[in-house]
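> take this sequence and fold it.
(chains A and B)
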There are 2 protein chains.
Amino acid sequence: MNIVIAGLGIIGGSLAKAIKKYTDNYVYGINRSPEPLKKAMECGAIDEIGNCESLKTADILVLGIYPEAAVEFVRKNGEYINKNCIVIDTSGIKSEICPKMNELAKKYGFTFVGFHPMAGKEKNGFDVSEADLFNNASAILIPGDAPHDAVEKIAMFCKKLRFGMVVYTTPEEHDRMIAFTSQLPHVIACAYVFSPNCLKHNGFSAGSYRDVSRVANINANLWSELFIENKQTLVNEIDTLIENLTKIRSGIEKGDRDELAALLHKGKLIKEALGE
Amino acid sequence: MNIVIAGLGIIGGSLAKAIKKYTDNYVYGINRSPEPLKKAMECGAIDEIGNCESLKTADILVLGIYPEAAVEFVRKNGEYINKNCIVIDTSGIKSEICPKMNELAKKYGFTFVGFHPMAGKEKNGFDVSEADLFNNASAILIPGDAPHDAVEKIAMFCKKLRFGMVVYTTPEEHDRMIAFTSQLPHVIACAYVFSPNCLKHNGFSAGSYRDVSRVANINANLWSELFIENKQTLVNEIDTLIENLTKIRSGIEKGDRDELAALLHKGKLIKEALGE
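Numbers count the residues shown, from 1 in each chain, chains lettered A, B, ... in the order given. Got it, this is the predicted structure:
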């Protein structure tokens, strides 16, 4: 297959490297700035620098760019995209993106499958990309209007790239779950390190500080887009969190140890029910 | 030296194993239930089961039990403790514990140094203890009324057990910092998993879910005591967190991407300033 990857950041770059490591497909790279293209050519993550012409022969087009930029890319280049091509995005939000992509797919004749690879790092860019970033990670697919065989082709493709579970869902379900599993931890991490005590913590911390604060090292530009495009769902999760923090706060203030222990113990029961 | 360890849970058990692995000291173990003592004898974590008699020859007494239980232990056994003995606790809170211990030290003639080994796991008990739990962890010491050479003896002892940094502080400073670095992450983890979406998250999560939820697998009995004994300081941290969550929430709701990005970017700047 000919695969075009637009955007060679950590996600696009890692997908390129995984494709070259685990499959025999031919990879074209497209990127706004030339530096990542040069590096990707040098290390063999891509076979060739792509352009409009490569879109005409693409079997799969991977959009490794920010959500709205991905829509813009397709809007601008839709006429060049091969009608047999399956276009997949890698956006962290879907309700705002999938309908627009489905419309463009109809207009230009290609197939669109929503895709969210559940992996990342607290750093960004091609330099931190790696072939095994997705080992055992979930691949979330949003089939939408795509024909069954196109969706299965992407699922097989994910398996070859060493993803773990492939999950099929709707844009709404995706955004509701991601608000909880991914966006809220980023909100928490930032709010947490804003405490005036954070800058003085040296020598007083262990694993629990490290873990909750890790993703505060945030790509603010990307996440502000993701948060705002999933506004209501995320605000609901934040409200639920504040409610539950307030419950625990009241338990502490009241000072009834048995009552507080019973409340906290629910955390352990949930983790156990999840087998974690 | 003769070292008596009262309480062979994860902390006491790991200290016993570290002492036997890295020093030539003789270790007595004391524990309410017989099972950990049997296991500790079998694996060589202790040399002998201790009692009142061993306290009479102890050079160091380590209290590996819950804060108030540690005070109770010393109150009950104070008359047996060698007057040359240095007693160290391992409590996660100090303002409520150190003054009581200092009083008992005066009454019975031994020396007390507050001690908080900054390591742990989300599981408890002797079975999960290990000699290298403290490798590179901070050892926080609260010298209080103890003579300089006793404090230095404990600092040297920590270095031999492979602790990293040794930090000297007051009970108040300790509790203020620990409320932020350790207690608040446990509050957050519990409040986080209380979301109704948590039980449905399978397939939708990656590292950030795993990290923020990890310590929700909480020892509710221990942490309810720690939280309540550090009530006001912890409630202040929770209030600060809720304030900062509310700021980010407003930014999302307002939907100004640049403004939100500027707010979130402060998280990155703080992590960078900390070299993390």
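
> packing partners of the longest helix anywhere in chain A?
If you go by DSSP state H, chain A has its longest helix at helix A:231-254. Where contact means 3 or more CB pairs under 8 Å, 6 or more residues apart in numbering or on different chains; DSSP states H and E, helix A:231-254 is packed against helix A:184-193, helix A:257-273, helix B:184-193, helix B:231-254. Bear in mind the C-beta positions are built from the backbone N, C-alpha and C, glycine included.

> tell me how far that helix lies from the chain's centre.
Computed by CA atoms, centre = their mean, to the nearest Å, the chain-centroid distance of helix A:231-254 equals 25 Å.

> touching that helix from outside, list them.
When contacts are defined by CB atoms under 8 Å, 6 or more residues apart in numbering or on different chains, helix A:231-254 is touched by residues A:175-176, A:179-180, A:183-184, A:187-188, A:227, A:259-260, A:263-264, B:187-188, B:190-192, B:194-197, B:227-228, B:231, B:234-235, B:238-239, B:241-242, B:245-246, B:248-249, B:252-253, B:255.

> quick one: the helices and strands packed on helix A:231-254 as JSON lines, columns for mean neighbour count too.
Below are the helices and strands packed on helix A:231-254 laid out as JSON lines (neighbours: other CB atoms under 10 Å in any protein chain shown):
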{"stretch": "helix A:184-193", "mean neighbour count": "26"}
{"stretch": "helix A:257-273", "mean neighbour count": "17"}
{"stretch": "helix B:184-193", "mean neighbour count": "26"}
{"stretch": "helix B:231-254", "mean neighbour count": "18"}
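
> those helices: which one's closest to residue B:169?
helix B:231-254 (13.9 Å; CB to CB).

> any idea of the mean pLDDT in the closest one?
For helix B:231-254, the mean per-residue pLDDT is 98.

> do I have it right that residue A:131 meets residue A:18?
Yes. Between residue A:131 and residue A:18 there is a contact at 4.8 Å, judged by CB atoms under 8 Å.

> check contacts around the residue of the stretch 1-150 of chain A found nearest chain B.
Taking CB to the nearest CB as the measure, the stretch 1-150 of chain A has residue A:118 as its residue closest to chain B, at 4.3 Å. Applying CB under 8 Å, 6+ apart to residue A:118 gives the contacts A:137-140, A:182, B:204-206.

> who does the lengthiest strand in chain A touch, helix- and strand-wise?
Using DSSP state E, we find that the single longest strand of chain A is strand A:111-117. When contacts are defined as 3+ CB pairs under 8 Å, 6+ apart, strand A:111-117 sits against strand A:86-89, helix A:98-108, strand A:139-142, helix A:148-160, helix A:171-178.

> can I get the ones you listed in TSV including mean pLDDT and distance to chain B?
Shown next, in TSV, are the helices and strands packed on strand A:111-117 (pLDDT from 0 to 100; distance: least, CB to the nearest CB, whole Å):
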stretch	mean pLDDT	distance to chain B
strand A:86-89	98	17
helix A:98-108	98	16
strand A:139-142	98	7
helix A:148-160	98	13
helix A:171-178	97	4
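
> deepest-packed of the ones you listed, please.
When the helices and strands packed on strand A:111-117 are scored by mean count of other CB atoms under 10 Å in any protein chain shown, the highest mean neighbour count falls to strand A:86-89 (a mean of 28).

> and that strand, which strands flank it?
Taking DSSP bridges as the criterion, strand A:86-89 sits next to strand A:60-63 (parallel), strand A:111-117 (parallel) in its sheet.

> what's it in contact with?
By CB under 8 Å, 6+ apart, the list of residues contacting strand A:86-89 from outside reads A:59-63, A:67, A:70, A:74, A:81, A:97, A:101, A:105, A:110-115, A:146, A:150, A:153-154.

> dump that strand to PDB, restricted to CA.
Extracted in PDB, the C-alpha atoms of strand A:86-89 (Å, rounded to 0.1, in the frame of the first residue of the first chain):
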ATOM      1  CA  ILE A  86      -9.200   5.500   3.400                       C
ATOM      2  CA  VAL A  87      -8.600   8.700   5.300                       C
ATOM      3  CA  ILE A  88      -8.000   8.500   9.100                       C
ATOM      4  CA  ASP A  89      -7.400  11.300  11.500                       C
END
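
> gap between that strand and the chain center?
From the chain centre to the centre of strand A:86-89 is a distance of 14 Å (CA atoms, centre = their mean).

> cool, stretch A:32-45 as well?
Taking CA atoms, centre = their mean, one finds the center of stretch A:32-45 at 22 Å from the center of the full chain.
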